[in-house]
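>>> model the following, please.
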Amino acid sequence: MELDFRVIAICNKVVVRVTTSYWHDKRGGHVRKDINFLKKKCTGFNILDEDMYAAGADEILPNIVNLYDVKDGVYELITVNESRDWETGYIDMYDYKLIPYIEKATPKNGL
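Below is the predicted model of the structure:
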């Protein structure tokens, strides 16, 4: 039985809230971007959380290609720039991208 990875990708959704903070203290001015998971909107496998757990946030978060280009808001995280291992054909490297989150209509939320 062959897995259809397109179906798996649809079942897995990572939704985050991006917020920017600015402040100053006696050492200078500071800017910080926070990425918080919206757990009720996330479904299936959380690739960002798993990758940060395995490799560390300092290795993974710089791979979000548009992190500093997006305004504060709610976004869905997708993978981009996927490259495959030449021997196995499995995806072995990828980056992440934030796209605006659009809630789809379901009977539960009535949209």
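
>>> where along this structure do the strands fall?
Residue ranges of the strands in the chain, as given by DSSP state E, are 14-25, 28-37, 73-84, 91-100.

>>> between these, which one is nearest to residue 61?
strand 28-37 (7.3 Å; C-beta to C-beta). Just so you know, the C-beta spots here come from the backbone N, C-alpha and C atoms, and that holds for glycine as well.

>>> list the strands paired with that closest one, with their directions.
strand 14-25 (antiparallel) (DSSP bridges).

>>> so what touches the strand it pairs with?
29-38, 41-42, 46-49, 67, 70-77, 98, 101 (C-beta atoms under 8 Å, 6 or more residues apart in numbering).

>>> any of those buried? List them.
Buried residues within those, counting neighbours by 16 or more other C-beta atoms under 10 Å: 35, 42, 46-48, 67, 70, 74-77, 98, 101.
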